[in-house]
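[1] Mind folding the following:
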Amino acid sequence: MSLSRYKQKRNFESTTEPVAGKPQQGTHAFVVQRHHATRLHYDFRLEVAGVLKSWAVPKGPSMNPADKRLAMQVEDHPYDYKDFQGTIPKGNYGAGTVYIWDKGTFELMRGSGKNFDADAQKEIEAGDLKIVLKGKKLKGEFALVRMKAANDNAWLMIKHRDKYAVDQYNSEDYTPESVKTKGIREKEASRKKKAPYLLLNQNLSQ
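    This next block holds a predicted model:
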């Protein structure tokens, strides 16, 4: 798996985001990071073959099987990104606040039991991944399905109806108020810093 796209987008002299990471043997991690960037979204990441396969979920994951959440596949992230939270400085790719919303391990529902990474990669390439999540918030069976007749990066994240499923779910209801407030405050601060620059440009153009 290559991290070249991940590294090309970042300046590691000004961001504290991880560069790499070595996975632990035996289990496979997943993480959901609430990312208050230009637009608030959630990043869903699964450890496969030493990297984190990643999707941006605009409305956040849901435990309601009726919710079919759009999940845009993005570049692979390094394994150590599963522990990253904090602020990506202004001017950097993805600038904003990152909060680890949930994390745990996952299993394949249809794995052969012989080669986890090969089985997972095969399902991802086929656009049909079925997993069991073992997190604090996200539990039970989920499907990730690539949308047909759409952008190749567009997937749907769907909760299966099992004992953990609920009829109503909003990810923001499970986010601490302090995290929401911090994201809004830093976004406002960034906007105020940008305002004088925009005003100067407007004056020069008149």
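[2] could you list every residue that touches the residue positioned nearest the centre of the chain?
    Closest residue to the average C-alpha location of the chain: Asp43 at 1.2 Å, with CA atoms, centre = their mean. By CB atoms under 8 Å, 6 or more residues apart in numbering, the contact set of Asp43 is 31-33, 35, 54-57, 74, 98. To be clear about C-beta, it is placed using only N, CA and C from the backbone, and glycine gets the same treatment.
[3] TSV for those, including secondary structure and neighbour count?
    Formatted as TSV, these follow (DSSP: H, G, I helix; E, B strand; the rest coil; neighbours: other CB atoms under 10 Å):
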residue	secondary structure	neighbour count
Val31	strand	23
Val32	strand	23
Gln33	strand	22
His35	strand	22
Ser54	strand	20
Trp55	strand	22
Ala56	strand	18
Val57	strand	21
Val74	strand	17
Val98	strand	20
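[4] tell me the two of these that are most distant?
    Within these, two members stand farthest from each other by CB to CB: Trp55 and Val98, at 15.3 Å.
[5] Find the residue ranges of this protein scoring beneath the pLDDT cut-off.
    Within the chain, the segments meeting pLDDT under 70 span 1, 150-151, 191-206.
[6] can you give me the strands for this structure?
    Secondary structure of the chain by DSSP state E: the strands cover 29-36, 40-48, 51-57, 68-78, 86-88, 96-108, 128-135, 139-146, 154-159.
[7] need those in JSON lines with distance to Ser14, can you?
    Putting the strands of the chain into JSON lines (distance: least, CB to CB, whole Å) gives the following:
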{"stretch": "strand 29-36", "distance to Ser14": "18"}
{"stretch": "strand 40-48", "distance to Ser14": "20"}
{"stretch": "strand 51-57", "distance to Ser14": "21"}
{"stretch": "strand 68-78", "distance to Ser14": "17"}
{"stretch": "strand 86-88", "distance to Ser14": "9"}
{"stretch": "strand 96-108", "distance to Ser14": "14"}
{"stretch": "strand 128-135", "distance to Ser14": "31"}
{"stretch": "strand 139-146", "distance to Ser14": "33"}
{"stretch": "strand 154-159", "distance to Ser14": "31"}
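[8] so which of the ones you listed comes closest to Ser4?
    Ranking the strands of the chain by proximity to Ser4 (CB to CB) places strand 68-78 first, at 8.6 Å.
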